[in-house]
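>>> this is a predicted model, with the sequence first.
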Amino acid sequence: MIISTFNANSIRSRLGIILEWLEKNKPDVLCIQETKVQDEDFPCEPIEKAGYYVVFSGQKSYNGVAVISRHKPANVSAGLDSEPKDKSRLLRVKVKGISIVNTYVPQGFEPDSEKFDYKLEWFDRLLNYFQKHFVPEDNLLWMGDFNIAPEAKDVYDPVGLMGSVCYHPAVQEKLKAIMNWGFTDCFRKHCDRAGQYTFFDYRLPNAVKRNLGWRLDFIMATEPLARRCVECRIDMEPRLKEKPSDHTFVVAKFTGSNA
């Protein structure tokens, strides 16, 4: 089973790249973040014509999450349990017996801002969500754009960037708490090298060529699935396309029962 994630930074702007990638890679599931489109305007038809089901929860111009799947998703729900505004940041589905939680974590704006406090609170509520709805023995994937680089090897300049909203000790501690509940980073299971990035800021000249990036996009698995993860890679090709997203795809392959 091939599982993937991609922050599109506008699904309508990146639809051609997504459709081309689906045709070439034929994933079972692709989770999308930052669709930036309200539900009535979501481009369902071309995705369905490509042979996929799609479910989504969005808002105009900001946020938005979607799950594209070869298999009909079940148990679809949007948002954390307490706030309606979370519906464009979290989408939960079940595909072939595997629960998938697709998240677009708040970015945080500035470390001393209310938006950063909200980001920290969001991680706390997400941990409560996992504790309420799952146990670590479940077949569960947590995926998406987490807006956090966990370690020094996940950013191009760990000294200069320390303390920024996506490379900050307070956020890293929140991520560790969720990981300790029962998740394995599928990419790090297979690759421990530094300099492996999923996000390259448009504002940095030749960021991709110079490898000035961040690893902000993840596929996390509970133990029953982590042990069946035989591959996880970052696909850089879409980031080199004309008018790309500032992120690129992460892809994992799972074998064995329930995958």
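Structure's in. What do you need? Numbers count the residues shown, from 1 in each chain.
>>> residue 4 reaches residue 26, doesn't it?
No. Counting by Cβ atoms under 8 Å, residue 4 sits too far from residue 26 to count as a contact (10.3 Å). For every residue, glycine as well, the C-beta is placed using N, CA and C.
>>> among the two, which residue is more densely surrounded?
A count of neighbours by other Cβ atoms under 10 Å puts residue 4 above the other of residue 4 and residue 26, at 25 against 10.
>>> mind telling me what element that one is part of?
Secondary structure assigned from DSSP states H and E places residue 4 in strand 2-7.
>>> any idea where the strands of the stretch 151-259 of the chain begin and end?
Assignment of strands within the stretch 151-259 of the chain using DSSP state E, counting those that start in this stretch yields the ranges 184-185, 217-221, 229-235, 249-254.
>>> deepest of the ones you listed, which one?
Mean neighbour counts were compared across the strands of the stretch 151-259 of the chain using mean count of other Cβ atoms under 10 Å; the top stretch is strand 217-221, at a mean of 26.
>>> picking up where we left off before, quick one: contacts of the strand holding residue 4?
Identification of contacts with strand 2-7 by Cβ atoms under 8 Å, 6 or more residues apart in numbering yields 18, 21, 25-34, 100, 102, 104, 141, 143-145, 199, 216-219, 238, 245-254.
>>> right, and the helix or strand after that strand?
Past strand 2-7, the next helix or strand by DSSP H and E is helix 15-25.
>>> identify each buried residue in the following helix or strand past that next one, please.
For helix 15-25, the succeeding helix or strand toward the C-terminus, using DSSP H and E, is strand 29-33. Neighbour-count burial for strand 29-33, with 16 or more other Cβ atoms under 10 Å as criterion, is recorded at 29-33.
>>> check stretch 66-75 too.
66-70, 73.
>>> what's the answer for stretch 54-64, then?
Of the residues in stretch 54-64, those scored as buried under the neighbour-count criterion (16+ other Cβ under 10 Å) are 54-59, 63-64.
>>> okay, how far is it across that stretch, tip to tip?
13 Å (Cα to Cα, to the nearest Å).
>>> show me what the helix or strand harbouring residue 46 is packed up against.
Under DSSP H and E, the secondary-structure element containing residue 46 is helix 44-49. Under the contact criterion of 3 or more Cβ pairs under 8 Å, 6 or more residues apart in numbering; DSSP states H and E, the helices and strands touching helix 44-49 comprise helix 15-25, strand 53-57.
>>> which stretch among these comes nearest residue 210?
Closest of these to residue 210 is helix 15-25, at 22.0 Å (criterion: Cβ to Cβ).
>>> picking that back up, which one of the buried residues of stretch 66-75 sits closest to residue 87?
Within the buried residues of stretch 66-75, the smallest distance to residue 87 is 12.3 Å, found for residue 66 (Cβ to Cβ).
>>> contact partners for the closest one?
Taking Cβ under 8 Å, 6+ apart, we find residue 66 in contact with 11, 31-32, 35, 42, 54-58, 91, 102.
>>> also residue 93?
Under the criterion of Cβ under 8 Å, 6+ apart, the contact list for residue 93 reads 55, 67, 69, 73-76, 99-100, 102.
>>> on that earlier part again, now, which of the contacts of residue 66 sits nearest residue 187?
With Cβ to Cβ as the yardstick, the closest approach to residue 187 among the contacts of residue 66 comes from residue 31, at 14.6 Å.
>>> thanks a lot, catch you later.
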